[in-house]
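Colleague: predicted coordinates and the sequence they were generated for:
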Amino acid sequence: MSDIIVVDKLKTYLGNAWVHKGVSFSVKKSEIAAIVGGSGAGKSVLLRELLSLIKPTSGYIELFGKPQSKMSDKDLFDFLRRIGVLYQGGALFSSLTVFENIAFPMRRFTDLSEKEIKSTVLKKLASVELKPDVSEKYPSELSGGMQKRVALARAIALDPELLFLDEPSSGLDPTNATLQDNLFWELRKSLGLTIVLVTHELSTLENIVDNIIFLGEGKVLASGTYEELSASKNTEIHSYFHPERVKRGEK
């Protein structure tokens, strides 16, 4: 399988400190890859760099075989057309209906007719297991789990090749989080998506992720499957995958 993302020796200096000191990894086509690590490891910063929202201090990022640093405005527009993003909290437009939220990227990036947009919106709602009548509601009228599904429908509105997810299980109860993981798995299988997510959910890492990229000390401390990383002897990685629980009554 070919690499969709290549990151090499990435360094990032922000807030008078080095966030990344030499991050290197790759993500293959149709892979579900997770970026994990402790607080302050630079996970969200890295995600923003991959989305071309932040420029790294130095290093190399390649997206769909093209160096990010050499992308023209047209290249960047084409890149945005090929990706979808599910932001933490969903980031739906509260003043727009579900229909208008999902239709937004179609109107921004395509020349589809209103009839075609309507048909596509309903198809995307069905793909995230929501009924057509949901399209008439506003985000405030939906549960947190339903809002996440609408945001996912918007993220896949343009049939992206690459999907970025930022803490997708944030705010969800365990049952809805599991249902969402299953949905990501099915979408990857049916659409051939490559998925990159930032998460702290161990259940997600164990159940659906192919490649875990563990950030620490400004670099990638390890990458591999859940089984490989959970067996790591590295103290930081071991503590992440095997958090100690304090029993009630202990001090």
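Modeller: Received it, and whenever you're ready, just let me know what you need.

Colleague: report the mean per-residue pLDDT for stretch 127-136.
Modeller: The pLDDT scores in stretch 127-136 average 91.

Colleague: actually, stretch 62-75.
Modeller: Rounded mean pLDDT across stretch 62-75 is 92.

Colleague: residue 80 contacts residue 109, doesn't it?
Modeller: Yes: counting by CB atoms under 8 Å, residue 80 sits close enough to residue 109 to count as a contact (7.3 Å). (C-beta placed from N, C-alpha, C; glycine too.)

Colleague: just checking, residue 19 is part of a strand?
Modeller: Yes: using DSSP: H, G, I helix; E, B strand; the rest coil, the assignment for residue 19 is a strand.

Colleague: let me know the helix or strand that the most centrally placed residue in the chain is in.
Modeller: Taking CA atoms, centre = their mean, the centroid of the chain lies closest to residue 165, which sits 1.7 Å from it. Assigned by DSSP states H and E, residue 165 belongs to strand 162-166.

Colleague: what are the buried residues along the following helix or strand past that strand?
Modeller: Note on strand 162-166: by DSSP H and E, the next helix or strand toward the C-terminus is helix 174-191. When burial is assessed from 16 or more other CB atoms under 10 Å, helix 174-191 yields the following buried residues: 176-178, 180-181, 183-184, 187-188.

Colleague: which other residues reach the helix or strand following helix 174-191?
Modeller: Note on helix 174-191: by DSSP H and E, the next helix or strand toward the C-terminus is strand 194-198. With contact meaning CB atoms under 8 Å, 6 or more residues apart in numbering, strand 194-198 is reached by 4-5, 27-36, 43-44, 47, 50, 161-168, 184, 188, 204, 209.

Colleague: quick revisit: relative to strand 194-198, how tilted is the strand holding residue 165?
Modeller: In terms of direction (axes from the mean of the first three to the mean of the last three CA atoms, to 10 degrees), strand 162-166 departs from strand 194-198 by 10 degrees.

Colleague: so what's the gap between strand 162-166 and the chain middle?
Modeller: Relative to its chain's centre, strand 162-166 lies at 3 Å (CA atoms, centre = their mean, to the nearest Å).

Colleague: burial check on residue 119, number of neighbours?
Modeller: Residue 119 has 12 neighbouring residues, counting by other CB atoms under 10 Å.

Colleague: now it: how far from residue 125?
Modeller: Distance, residue 119 to residue 125, using CB to CB, to the nearest Å: 11 Å.

Colleague: any idea what residue 35 is bridged to?
Modeller: Under DSSP bridges, the beta-bridge partners of residue 35 are residue 198, residue 213.

Colleague: how near is it to residue 42?
Modeller: 9 Å.

Colleague: mutual contacts of those two, please.
Modeller: Jointly contacting residue 35 and residue 42 under the rule CB under 8 Å, 6+ apart are residue 215.

Colleague: direction included, what does the strand holding residue 165 pair against?
Modeller: If you go by DSSP bridges, strand 162-166 pairs up with strand 83-86 (parallel), strand 194-198 (parallel).

Colleague: closest to residue 144 out of those strands?
Modeller: Closest of the strands paired with strand 162-166 to residue 144 is strand 83-86, at 13.6 Å (criterion: CB to CB).

Colleague: neighbouring contacts of whichever helix or strand comes after the closest one?
Modeller: Remark: after strand 83-86, the chain's next helix or strand is helix 98-109, criterion DSSP H and E. By CB under 8 Å, 6+ apart, the residues outside helix 98-109 that reach it are 77, 80-81, 92-93, 96, 112, 117-118, 120-121, 124-125, 134-139, 142, 150-151, 153-154, 157-158.

Colleague: just the buried subset of those, please.
Modeller: 80, 92, 117, 120-121, 124-125, 134-135, 139, 142, 150-151, 153-154, 157-158.
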